[in-house]
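>>> The amino acid sequence is not available; the structure is as follows:
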């Protein structure tokens, strides 16, 4: 007899990207920023005091909320700190969904969504994207309590215009969560929707653009009524003193942030061109990764051959995307080694 509830017993947990223990590898499988965090973040880390560790943190992280509000053109009451973007997703499913209140999202997308739904014993409606990853019109007709759009989408890197997202927010009766974990690499974002809609939550992450994947810090942007409701659901101290301090320094240093983003965008273009020259089909990406399809050999085979060379990319053995590889944008020297390895593999 199991001690777990039926839905937990039956479900499979989320499988994060492989984390190699050795450091001398080319790791392009989990969309980390290849550049170091801001020097101001590292300076703040060196000056963390014992008193900051002895005391409980500010339970709502007002220092960060004020900085994030200023950055996004809203008041601090529109911001909630989270233990990574996944924390906000977890809170949203707990706050809005149950056996009778369903969730909806287009697929393929971030594979954590169905896992969180199963934890809540929540039914989901998955609406397939078309081949160009356009926003499915049926998404507005599901009557879901929670609708999620990952934008830019993972794993495709495709982007839906804010105007289309606004139309969706206007049509649905439930909450619309726009997962903008990768939006730092896009040309536009949906933050202004928060000013016009009381049912929109924007998810932001410091893992991708700010080189802080190891810190686990993200935040929500929404109308204060939604923020206050989500505050009821979060852990008492869901972000710690160190992460609040470092995340605040990171978003204040916009000059360093923008410089790194532009370097990665330029390298994304170069990587895309390099893959296309090898015969890969690579759509334009609005994220810090590309989604590449090869006709010459299977994606699974290429993935395994790259692993033998200590080069790690992401392969998803799921219907519809099992012939593609998601490749994070690395530093130029990393991407050059990837391209060279792919030439060898395709020629064999």
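Okay, I see it. All figures in this text were calculated on a predicted structure; none of them were measured in a lab. Residues are numbered from 1 along each chain as shown.

>>> surely residue 303 meets residue 325?
Yes: here residue 303 reaches residue 325: they are 6.3 Å apart, a contact under CB atoms under 8 Å. Where you see a C-beta, it was placed from the backbone N, CA and C, and this is true even at glycine.

>>> Identify the contacts common to the two.
313, 315 (CB atoms under 8 Å, 6 or more residues apart in numbering).

>>> So for the two, which residue has more residues nearby?
Under the neighbour definition other CB atoms under 10 Å, residue 303 and residue 325 were set side by side, and residue 325 has more, 27 against 18.

>>> Might you report the residue contacts of the more buried one?
291, 292, 293, 294, 299, 302, 303, 313, 314, 315.

>>> Among the residues you listed, name the ones in strands.
Among the contacts of residue 325, the members found in strands (DSSP state E) are 291, 292, 293, 314, 315.

>>> wait, isn't the second one in contact with residue 282?
Yes: checked against CB under 8 Å, the pair residue 292 and residue 282 is within contact range at 4.8 Å.

>>> now stretch 255-267, how far from the centre of its chain.
18 Å (CA atoms, centre = their mean, to the nearest Å).

>>> Identify each buried residue in that stretch, please.
Residues 256, 257, 260, 261, 263, 264, 265, 267 are the ones in stretch 255-267 that count as buried (16 or more other CB atoms under 10 Å).

>>> How about residues contacting it?
Contacts for stretch 255-267 (CB under 8 Å, 6+ apart): 33-35, 38-40, 184-185, 209-211, 250-251, 288, 329-332, 335.

>>> mind redoing it with 10 Å?
33-41, 184-187, 206, 208-211, 250-251, 253-254, 271, 285-288, 328-332, 334-335 (CB atoms under 10 Å, 6 or more residues apart in numbering).

>>> Got a quick PyMOL command for the buried subset of those?
The buried residues among the contacts of stretch 255-267 can be selected in PyMOL (16+ other CB under 10 Å) with this line:
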select buried, resi 33+34+37+38+40+41+184+185+186+206+208+209+210+211+250+251+253+271+285+286+287+288+328+329+330+334+335
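
>>> Helices - which of the contacts of stretch 255-267 land there?
Here DSSP state H is the test, and these give 39, 40, 41, 250, 251, 254, 271, 332, 334, 335 as lying in helices.

>>> Pick out the most distant pair among the residues you listed.
40 and 271 (28.7 Å; CB to CB).

>>> residues shared between the contacts of residue 292 and residue 282?
The contact lists of residue 292 and residue 282 share 271, 272, 275, 276, 324, 325, 327, where a contact means CB under 10 Å, 6+ apart.

>>> show me what contacts the last one?
With contacts defined as CB under 10 Å, 6+ apart, the neighbours of residue 327 are 28-29, 31, 271-272, 275, 280, 282, 285, 289-292, 306, 311-314, 335, 338, 342.

>>> for the fourth one, same thing?
Neighbour list for residue 276: 282, 290, 292 [criterion: CB under 10 Å, 6+ apart].

>>> 6 Å instead?
Remark: with contacts taken as CB atoms under 6 Å, 6 or more residues apart in numbering, residue 276 is in contact with residue 282.

>>> which residue packs closest to residue 78, ignoring adjacent ones?
Nearest in space to residue 78, with sequence neighbours left out and distances taken as CB to CB, 6 or more residues apart in numbering, is residue 221 at 5.6 Å.

>>> Tell me the pLDDT of that neighbour.
Residue 221 carries a pLDDT value of 98.

>>> JSON lines please, covering the shared contacts of residue 292 and residue 282 and showing pLDDT and distance to residue 47.
As requested, those are exported to JSON lines (pLDDT from 0 to 100; distance: CB to CB, whole Å):
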{"residue": "271", "pLDDT": "98", "distance to residue 47": "37"}
{"residue": "272", "pLDDT": "98", "distance to residue 47": "41"}
{"residue": "275", "pLDDT": "98", "distance to residue 47": "43"}
{"residue": "276", "pLDDT": "97", "distance to residue 47": "46"}
{"residue": "324", "pLDDT": "96", "distance to residue 47": "45"}
{"residue": "325", "pLDDT": "97", "distance to residue 47": "42"}
{"residue": "327", "pLDDT": "98", "distance to residue 47": "37"}
